[in-house]
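*Asks:* Give me coordinates for this.
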Amino acid sequence: MKKITYILAGFALFAAAVPVQAHFQMIYTPEMALKEGAKIPLALVFSHPFEAGHTMDMGKPEEFYVIRSRGENEPQRTDLLKTLQPITWTSLTNSGKAWETEYSIRGGDYIFCLVPEPYYEAEEEAYIKQETKLIINGGGEPGAWMDPVGLAVEIVPLAKPYDRWVGNVFQGRVLANGKPVAGAEVEIEYLNHEPMLDKKAFAKKAAVEAPQDAFVLQTIFADDNGVFTFGIPRAGWWGFAALDLEPDYTYKGKKCSRDAVIWIKAVDMK
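*Replies:* Residues are numbered from 1 along each chain as shown. Reported below is the predicted structural model:
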């Protein structure tokens, strides 16, 4: 009995020593607030952004589209699924299957929405499906960045996601099937290694060093109305993932964590 206890204790210590990492679906482009219209590159990568760790193989997305809104005009949706081209993305530890495309931005808001094929996590014997949003603005013209887009699970920004100075806060409301999720668990990671689109790889040099593993992946919880608040300490890209928003959701007969992800970028006030 003592031997079993020692073995279990050893496993617990080993687990505690393993660095904390979170899967994050990314839709990456270098800038979020464009001064004028431009053709922008977009990379769809499923990885661990703080440590540029293991990159997971992405299957063909189920949906990928953009919603453009400008002033009081009716939003327009454009399907981008057929524009995606397969690529191989290199992290600091491996390479994985990813996707890329380009899109021409003019004035107003552009909400890019990704519904990926569920990813099978063998260690957990379960799937992960992260429905992801990225909101780009052209020319400072107003748009409907604050409106839900109708994803099964999504984070709706309550603060404009592309005008955040360092020191501002970002607020979002977590929705599942259009309803707020009280007490939703939200993981947060900083994009700590610059994505080099020309090389289809993360830069090796990290922007910051975490003093301890808990700083790699931060966790907060939404309130009873599904609202969370995060103070932004550093310039750059920040990812927010609200986890397992449909606890009974399954895929191919196995548990599937249906997560909602949104990305923002903060800049220094110089």
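*Asks:* Every contact and neighbour count from this point should use C-alpha atoms.
*Replies:* Noted.
*Asks:* Can you give me the pLDDT of I7?
*Replies:* On pLDDT, I7 comes in at 38.
*Asks:* what sits against A203?
*Replies:* Neighbouring residues of A203 by Cα atoms under 8 Å, 6 or more residues apart in numbering: H193, E194, P195, M196.
*Asks:* which among the residues you listed end up buried?
*Replies:* Buried members of the contacts of A203, scored by 16 or more other Cα atoms under 10 Å, are H193, E194, P195.
*Asks:* And those, which is closest to A152?
*Replies:* P195 (28.5 Å; Cα to Cα).
*Asks:* Would you confirm that that closest one contacts A206?
*Replies:* No: P195 is beyond contact range of A206, at 11.1 Å (criterion: Cα atoms under 8 Å).
*Asks:* just the buried ones among the contacts of A203 now: which is nearest G231?
*Replies:* Using Cα to Cα, H193 comes nearest to G231 of those, at 20.8 Å.
*Asks:* separation between that closest one and T78?
*Replies:* Distance from H193 to T78, counting by Cα to Cα, to the nearest Å: 31 Å.
*Asks:* What is the strand or helix carrying L42 packed up against?
*Replies:* Here L42, judged by DSSP states H and E, is contained in strand 38-47. Applying 3 or more Cα pairs under 8 Å, 6 or more residues apart in numbering; DSSP states H and E, one finds that strand 38-47 contacts strand 24-28, strand 95-105.
*Asks:* Partner strands of the one helix or strand E131 maps to and their direction?
*Replies:* Per DSSP H and E, E131 falls inside strand 126-138. Sheet pairing of strand 126-138 (DSSP bridges) gives strand 33-34 (parallel), strand 108-115 (antiparallel), strand 119-121 (antiparallel), strand 254-267 (parallel).
*Asks:* and it with strand 24-28, angle?
*Replies:* Here the directions of strand 126-138 and strand 24-28 differ by 30 degrees (axes from the mean of the first three to the mean of the last three Cα atoms, to 10 degrees).
*Asks:* thinking again about what came up before, out of the helices and strands packed on strand 38-47, which comes closest to T132?
*Replies:* Short answer: strand 24-28, nearest of the helices and strands packed on strand 38-47 by Cα to Cα, at 6.8 Å.
*Asks:* I would like the residues contacting the closest one, please.
*Replies:* Everything outside strand 24-28 that qualifies as a contact, by Cα under 8 Å, 6+ apart, is 42-49, 130-134, 239, 241, 261, 263.
*Asks:* Could you quantify the relative orientation of it and strand 95-105 as an angle?
*Replies:* Using the same axes, to 10 degrees: strand 24-28 against strand 95-105 is 40 degrees.
*Asks:* residue ranges with poor pLDDT in the stretch 1-150 of the chain?
*Replies:* Applying pLDDT under 70 to the stretch 1-150 of the chain flags the ranges 1-21.
*Asks:* circling back to that earlier point, greatest separation within the contacts of A203: which pair is it?
*Replies:* Every pair of the contacts of A203 checked by Cα to Cα; the farthest is H193 and M196, at 9.1 Å.
*Asks:* joint contacts of these two?
*Replies:* With Cα under 8 Å, 6+ apart as the test, H193 and M196 both reach F202, A203.
*Asks:* ok so, going back, put together a markdown table for the contacts of A203, with secondary structure, pLDDT and distance to F170 on each row.
*Replies:* As requested, the contacts of A203 are exported to a markdown table (DSSP: H, G, I helix; E, B strand; the rest coil; pLDDT from 0 to 100; distance: Cα to Cα, whole Å):
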| residue | secondary structure | pLDDT | distance to F170 |
| --- | --- | --- | --- |
| H193 | coil | 98 | 22 |
| E194 | coil | 97 | 22 |
| P195 | strand | 98 | 23 |
| M196 | strand | 98 | 26 |
